[in-house]
Structures are given as C-alpha cells and as structure tokens.
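A.B. asks: coordinates only, sequence not included:
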C-alpha cells in the first residue's frame, strides 16, 4: 500500500511539472499575453488585441526567453517566469507574467508580488539615477488553484489621499508606477467574465478538448499546434481538477466532523445542566456557570442560548 501511494505521488509530481512547463510556455505566446495585457494594463484596455500584440517588444509570436533574473546588491535574486517590455508611441512600460499553480502555504503570495514589482522598478536604475526615465511596471499573476470555483480578476491600484484641515479627498491617479493584476482561473466560466479569464480557463482548466478548441478559435488559437497543446493540457488538467475536487470534499468532511463534535458537546452540556438542575434543585444559571468552565467560549455561548440564558441575535 505504501509503495502504491509513493508511486502515485511520484506520478502526480511528474504531471505537475509537465503541466507547469506547458503553462509557462503558453505565457510566452503573445496571443495569450495580449489578452492579459488588455485586461491587466488599464492604459491599453480600449485598444484592439492585434494592436496590443504589436506593443509587446518582441520580434516573434513566441517570446524566446521565458525567464529573466533580477539580482539585488545583497546577492539574492528573483526569477520571474516572463519579463517583457511594452511600447505604444511615447508610452513605455515593463511587465512580468508569472504562473502559480496553487496558493502557496510556505510564504505570502502578496509579499512575493510586491517584491517583483519593486525589483522591476529598481532594475531600471543604472550607475546614475534618472527619475524621468523610469517606466511604470505591470506585474501579472495567473493563479490556477484547482479549488477556485469562479474566475476573478483583481487589479491593485494606487490612490492619492490629500488632507486639508478636516477635509480628506481621495483621487485615483491615471497610472501608478507599480501595478498588480491577479488572474484567478475558476473551474467555472461565466458569460460576463473578461476575455482573458475565458482564454485562461479554456487553456488551463479544460475538461473537454473539443469544446476548448471550439471556444479558443474565436480568440485566434486556430493552428494545429494549438490543438495539440490543448489536448495535452486537457489530459493533464482533468486529473488535477478531480484531485482538487477530492481535496475539497475531504476538507468538507473534516469541517463536518469538527462541526459534529462541537454540536455534540453543546447538546451534551445542555442535557447535563438541565438534568442536574432538576435532580438537585439547583438554579439552572448556577449549574451553567460551573459547567461553562469546561467549554470553549463558542460552546459556552451556544449552551447559554439554548438554555435561554443569553439572547440569540441571529
């Protein structure tokens, strides 16, 4: 049994690595990247997709180098999955796109996002600081935890707050220096979802290959190579989706058991207090005060409500 579980875990890790490689390969595709930019970079939101593809500073449809190292003076460094430049006439900006296959437990993802943004700003500084030469940066994160039900796009914007005496005014600038966009890919897709979320869903969370290819054709993914890659992603993602569902079911069962234990403790305490009060003629509130010391705060509150000693505000 142990050997079987070990083999299953090893196989799952191989599938995860393969899936991760393919996801990062998709990020290099300027067709997908242009949809992320359209919805994640507000200054370009009204521009056509084909125009946005032309703003990405690359000569190929597939950006050749997936990662780029940004080093700090301490010797430490960060390594985004994809670094790229954007240019529209006089407007210029830098961006990164990173794929996160689940929500990490070992560190705070928000801290990592903020570090990448700061690193991209600092990386523009040469031997001499030229403040006017600094480009704004856009950090875009694709999060594909298989427990996410509905797709979401989160854009973090900068705000300026002015205080004059007791009067406070809060204004959103046209464009901040440091910008964050997080694309959370859901297991479900809705008609009113952003195009970027729909494309990500059909590429990364596809369960039906035929349907995914049919939907993706409308977004410009029409080549035979696209269909081959979608087929592979579908085969990999189906297993992960089921694993995510199973994990969700297990978490639900654990929560249910915990709730059941809590409910049992509350009911047992209520029954014991009423029985003791009746048999020995002790006021029920006095028995409750003694018994509550053995309960958690939440359980004591529930017991008090059921005995009519506390007001139920629900």
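C.D. replies: Nice, thanks for sending it over. All values derive from a computational prediction rather than experimental measurement.
A.B. asks: show me the helices in the stretch 51-200 of the chain, by range?
C.D. replies: 109-122, 195-204 (DSSP state H, counting those that start in this stretch).
A.B. asks: pick the most buried one from those helices.
C.D. replies: Of all these, helix 195-204 carries the top mean neighbour count, a mean of 23, counting by mean count of other Cβ atoms under 10 Å. To be clear about C-beta, it is placed using only N, CA and C from the backbone, and glycine gets the same treatment.
A.B. asks: shaky segments in the stretch 101-250 of the chain?
C.D. replies: Scanning the stretch 101-250 of the chain for pLDDT under 70 picks out 158-160, 170-175, 237-250.
A.B. asks: circling back to that earlier point, indicate which one of the helices of the stretch 51-200 of the chain is closest to residue 166.
C.D. replies: helix 109-122 (32.2 Å; Cβ to Cβ).
A.B. asks: which residues sit against that closest one?
C.D. replies: 70, 72, 78, 80, 83, 94-96, 98, 100, 103, 134, 137, 139, 141, 143, 177-180, 182 (Cβ atoms under 8 Å, 6 or more residues apart in numbering).
A.B. asks: what's around residue 89, how many residues?
C.D. replies: 6 (other Cβ atoms under 10 Å).
A.B. asks: how far out from the middle of the chain is stretch 31-47?
C.D. replies: 19 Å (Cα atoms, centre = their mean, to the nearest Å).
A.B. asks: next, the distance between the ends of that stretch.
C.D. replies: 14 Å (Cα to Cα, to the nearest Å).
A.B. asks: which residues are contacting it?
C.D. replies: 26-27, 49-50, 52-53, 55-56, 61, 63, 82, 84, 86, 88, 91, 93, 95, 97, 138, 140, 142, 153, 155, 174-175, 179, 181, 183, 194-197, 199-200, 203, 219-221.
A.B. asks: ditto for stretch 88-104
C.D. replies: 16, 19-20, 23-24, 27, 33, 36-37, 41, 43-44, 47, 55, 80-86, 109, 116, 120, 124, 135-146.
A.B. asks: and if you look at stretch 226-233?
C.D. replies: 19, 22-23, 25-26, 202-204, 206, 209, 212-213, 216, 221.
A.B. asks: show me the helices in the stretch 201-314 of the chain, by range?
C.D. replies: According to DSSP H, counting those that start in this stretch, the helices that the stretch 201-314 of the chain contains are 209-217, 224-280, 284-291, 297-306.
A.B. asks: from residue 309, how far out is residue 286?
C.D. replies: If you measure residue 286 against residue 309 using Cβ to Cβ, to the nearest Å, the figure is 11 Å.
A.B. asks: and for the two, which residues touch both?
C.D. replies: Common contact partners of residue 286 and residue 309 (Cβ under 8 Å, 6+ apart): none.
A.B. asks: and the longest strand seen in the chain, which residues are buried?
C.D. replies: With secondary structure taken from DSSP state E, the chain has its longest strand at strand 91-100. Using 16 or more other Cβ atoms under 10 Å as the test for burial, strand 91-100 gives 93, 94, 95, 96, 97, 98, 99, 100.
A.B. asks: same question, stretch 16-24
C.D. replies: Within stretch 16-24, the residues scored as buried using 16+ other Cβ under 10 Å are 16, 19, 20, 22, 23, 24.
A.B. asks: just give me the closest of those to residue 267.
C.D. replies: residue 16 (43.9 Å).
A.B. asks: make CSV from the contacts of stretch 226-233 and add distance to residue 296 to it.
C.D. replies: Formatted as CSV, the contacts of stretch 226-233 follow (distance: Cβ to Cβ, whole Å):
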residue, distance to residue 296
19, 42
22, 47
23, 43
25, 50
26, 48
202, 47
203, 46
204, 42
206, 45
209, 50
212, 48
213, 54
216, 52
221, 54
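A.B. asks: widest-spaced pair of the buried residues of strand 91-100?
C.D. replies: Using Cβ to Cβ, the two most remote members of these are 93 and 100, lying 21.9 Å apart.
A.B. asks: ok, now how distant is the nearest residue to residue 98 once chain neighbours are set aside from residue 69?
C.D. replies: Distance criterion Cβ to Cβ, 6 or more residues apart in numbering; nearest residue to residue 98, sequence neighbours excluded, is residue 81 at 4.6 Å. Computed with Cβ to Cβ, the distance linking residue 81 and residue 69 is 12 Å.
A.B. asks: so who does the residue found closest to residue 300 once you drop the neighbours it is linked to in the chain touch?
C.D. replies: Nearest residue to residue 300 in three dimensions, chain neighbours excluded: residue 292, at 4.2 Å (Cβ to Cβ, 6+ apart). Counting by Cβ under 8 Å, 6+ apart, residue 292 makes contact with 300, 303, 304.
A.B. asks: next one: the closest residue to residue 277 other than its chain neighbours from residue 226, what distance?
C.D. replies: Nearest non-adjacent residue to residue 277, counting by Cβ to Cβ, 6+ apart: residue 284, 4.4 Å away. Per Cβ to Cβ, residue 284 is found 72 Å from residue 226.
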